[in-house]
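*Asks:* coords please:
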Amino acid sequence: MKITIRNWAEFSRAEAIYGCPTMFGVVFEVNAIITFDKEKSFVFCDRNRAKLCKARLFNILDYDTSANWIRLYYPKERLIENNKYDFNIGLKEFYGPKDMIEDENFFFDLIENDDKAFDFIQNIKE
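*Replies:* Numbers count the residues shown, from 1 in each chain. Here you go, the predicted structure:
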């Protein structure tokens, strides 16, 4: 799946990214689609960092996804707990590589340690 930022001003406000809009106009490859708290988000990489951003901020250019992606839907949010970080994540839906859903630390690293999440994504792509 390929995406691009829909509107730089809206994106920068929503994601608290300020300064030069170097991400605007760039085509990103989506590595997974995750729904937390009724909000669908895309996982993608930019400059050796993994990003988790709201899907509504992007235009989808190409809907094709990898054949090895799986979809998991939880009627009630699946609460993911972790000893490493002091918070929990409520997962509603996941669509992406099986390796991501099997490593619950990945979801926490997406939020707290984006360079580690980036390395994980690169490793499962190989």
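*Asks:* just the strands in this structure please.
*Replies:* 2-5, 28-36, 39-46, 49-54, 58-62, 69-80, 89-97 (DSSP state E).
*Asks:* centre of the chain to the third one, how far?
*Replies:* Meaning strand 39-46. A distance of 3 Å separates the centroid of the chain from that of strand 39-46, by Cα atoms, centre = their mean, to the nearest Å.
*Asks:* and if you look at stretch 59-69?
*Replies:* 14 Å.
*Asks:* okay if I get the strands of the chain as a markdown table plus mean neighbour count?
*Replies:* No exception for glycine: its C-beta is placed from N, CA and C like everyone else's. Output for these, formatted as a markdown table (neighbours: other Cβ atoms under 10 Å):
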| stretch | mean neighbour count |
| --- | --- |
| strand 2-5 | 18 |
| strand 28-36 | 20 |
| strand 39-46 | 18 |
| strand 49-54 | 18 |
| strand 58-62 | 13 |
| strand 69-80 | 12 |
| strand 89-97 | 19 |
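*Asks:* of those strands, which is nearest Asp109?
*Replies:* Closest to Asp109 of those is strand 49-54 (Cβ to Cβ; 7.6 Å).
*Asks:* which strands or helices does that closest one pack on?
*Replies:* Identification of packing neighbours for strand 49-54 by 3 or more Cβ pairs under 8 Å, 6 or more residues apart in numbering; DSSP states H and E yields helix 8-15, strand 39-46, helix 105-112, helix 114-125.
*Asks:* tell me which helix or strand in the protein has the weakest average pLDDT.
*Replies:* helix 8-15 (a mean of 83; mean pLDDT, DSSP states H and E).
*Asks:* quick one: the residue nearest to the spatial centre of the chain and Lys76, what's the gap?
*Replies:* Centre of the chain computed as the mean C-alpha position; nearest residue by Cα atoms, centre = their mean is Val43, 2.0 Å away. Look at Val43 and Lys76: by Cβ to Cβ, to the nearest Å, they are 23 Å apart.
*Asks:* with Lys116 instead?
*Replies:* Lys116 is 29 Å from Lys76, where distance means Cβ to Cβ.
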